[in-house]
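K.L.:
I would like to see how this sequence folds:
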Amino acid sequence: KSGSRQVDFFVVTSVRAQLQEQKELRGPVQGGANGRWKVKDRSGAWILFERAENPIEQVIATKNALNDAMEKYQRKSGASVPMALSGKYYKQFDTVVVAWPFLDPASEIRADSQKARVRGYADAVRSLTADSLASSWDLDHWKKFAEYMNLTPVALREAVDGAVFEAKRRIEIVLVRAES
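P.N.:
Got it, this is the predicted structure:
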């Protein structure tokens with residue numbers, strides 16, 4: 001769609017929801033909420049991060065687009081879908097840049113923790129069950145919204161391993177053909 005954003009991961013548990021923008025970061029990084037990020041290469045030199053878009057700006061733009069889609073879905077669905085608790089749906093889910101495989105301890109990230117956080121993968125996973133985040137939606141609302149958005153539910157192994165995802169899709173195609 002025109003103006004649409006790609007969502008890397010949107011994870012929903014019984015206690016919180018989390019929008020994740022995953023970035024493969026090998027080594028220390030420097031950056032903030034605005035401007036280009038830098039990565040320290042193996043020689044120790046700081047080089048510009050390969051992607052032109054700032055990861056925090058990217059995940060915040062995705063958060064706002066997701067909020068707009070949630071508002072549209074609520075208007076279309078009416079009373080069967082609760083309105084946001086505090087005016088905006090984006091307050092009902094975490095917004096996180098996830099450093100894969102981990103966030104190097106020598107990294108220097110300056111970010112507004114109210115808009116988005118930067119975490120290593122293990123920390124992001126731990127945060128999914130840490131404390132509850134208030135939401136007007138329960139798991140059933142999230143599932144129906146995912147269907148409305150034509151999202152593909154996947155198991156964790158499929159989400160983090162493209163080969164597993166592709167193998168499952170090929171098996172599904174074979175099964176559909178066998179049923180025909």
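K.L.:
List phi and psi for the residue lying closest to R42 once chain neighbours are set aside.
P.N.:
Spatially, and ignoring its direct neighbours in sequence, R42 is nearest to G27 (7.5 Å; CB to CB, 6 or more residues apart in numbering). Every residue, glycine included, has its C-beta placed from N, CA and C. Backbone geometry at G27, expressed as degrees, to the nearest 10, gives phi 110, psi 180.
K.L.:
Strands of this structure, start to end?
P.N.:
Taking DSSP state E as the criterion, the chain carries its strands at 9-12, 17-24, 29-32, 38-40, 46-48, 94-100, 108-110, 117-120.
K.L.:
And for the fourth one, what's in contact with it?
P.N.:
Outside strand 38-40, the residues that touch it by CB atoms under 8 Å, 6 or more residues apart in numbering are 25-31, 46-50, 106.
K.L.:
next one: it to chain centre, how far?
P.N.:
Distance of strand 38-40 from the chain centroid (CA atoms, centre = their mean, to the nearest Å) equals 22 Å.
K.L.:
Show the average pLDDT along it.
P.N.:
Across strand 38-40, the average pLDDT comes to 93.
K.L.:
Paired strands for that strand, with orientation please.
P.N.:
Here strand 38-40 has these sheet partners by DSSP bridges: strand 29-32 (antiparallel), strand 46-48 (antiparallel).
K.L.:
Can you tell me, leaving aside adjacent residues, what's nearest to the residue nearest in space to the middle of the chain?
P.N.:
A centroid search over the chain (CA atoms, centre = their mean) returns Q20, at 2.0 Å, as the residue closest to the centre. Distances taken as CB to CB, 6+ apart place F9 nearest to Q20, at 4.1 Å, with adjacent residues excluded.
K.L.:
For the one you found, the count of nearby residues, please.
P.N.:
Using other CB atoms under 10 Å, the number of residues around F9 comes to 16.
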